[in-house]
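[1] Give me a 3D structure for the following:
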Amino acid sequence: MRPFLESVISQGESVPGTSGLCCELATDPAHLRSVRRKVRNWAADAGMSQDRIEDLVLAVDQAASSSIEFSRARPGPIWIDGHVALGQLRVVVTDWGQRGAPAAPNDLGLRIVDALTDHMHVEDSDGATAITMVWDLARIRLSSSRRPASLSGRR
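    Sure thing, here's the model as predicted:
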């Protein structure tokens, strides 16, 4: 199972002082809370601004929720792996669920993920589905103090 996941994740040098994110999730939505906490802490350690952290957490939550939904018929682990490399923060959610068809592009959860990321890709291969989410580091490190007042809540 892991070789497929490793082939999906881009190779590259990690940002010094930033460790990767690796979670195994059971097909139970009750575990999403701890995943959201881990993702939030990891993103903060990577230097992501607070507003973009919330985007990341919601995107990963939506991708993981989709994986849980499609893994109920054939329960198995769901892997959430993330790293910072090559100017990008990348998270891959992989499941071995039984979708029956490739992930639908009009799926609401995937549309939310697409709107919150700089790039999103879904790949079905070898019985696994990987949802890859990418954020450009130049954009995610923009602090709220540099954002327009209308977006940061200031008047």
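[2] quick one: buried residues of the longest helix anywhere in the chain?
    Ranked by number of residues, the top helix in the chain under DSSP state H is helix 50-71. Neighbour-count burial for helix 50-71 flags 52-53, 55-64, 66-71 (criterion: 16 or more other CB atoms under 10 Å). For the C-beta atoms, the positions are set from N, CA and C on the backbone; glycine is no exception.
[3] What is that helix packed up against?
    Counting contacts by 3 or more CB pairs under 8 Å, 6 or more residues apart in numbering; DSSP states H and E, helix 50-71 packs against strand 21-25, helix 32-45, strand 78-85, strand 88-95, helix 108-116, strand 128-136, helix 137-140.
[4] Determine which stretch of these is the most buried.
    By mean neighbour count, with neighbours taken as mean count of other CB atoms under 10 Å, strand 88-95 ranks first of the helices and strands packed on helix 50-71 at a mean of 25.
[5] now that one against helix 32-45, angle please.
    Here strand 88-95 points in a direction 160 degrees away from that of helix 32-45 (axes from the mean of the first three to the mean of the last three CA atoms, to 10 degrees).
[6] report the angle between the axes of strand 88-95 and strand 78-85?
    170 degrees.
[7] What strands line up against strand 88-95, and which way round?
    Sheet partners assigned to strand 88-95 using DSSP bridges are listed as strand 78-85 (antiparallel), strand 128-136 (antiparallel).
[8] Please put the alpha-carbon coordinates of that strand into PDB.
    In PDB, the C-alpha atoms belonging to strand 88-95 read as follows (Å, rounded to 0.1, in the frame of the first residue of the first chain):
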ATOM      1  CA  GLN A  88       5.100  23.900  -1.700                       C
ATOM      2  CA  LEU A  89       3.100  22.500   1.200                       C
ATOM      3  CA  ARG A  90       1.600  19.200  -0.100                       C
ATOM      4  CA  VAL A  91      -0.900  16.900   1.600                       C
ATOM      5  CA  VAL A  92      -2.000  13.500   0.200                       C
ATOM      6  CA  VAL A  93      -5.000  11.600   1.500                       C
ATOM      7  CA  THR A  94      -5.000   8.000   0.300                       C
ATOM      8  CA  ASP A  95      -7.700   5.400   0.800                       C
END
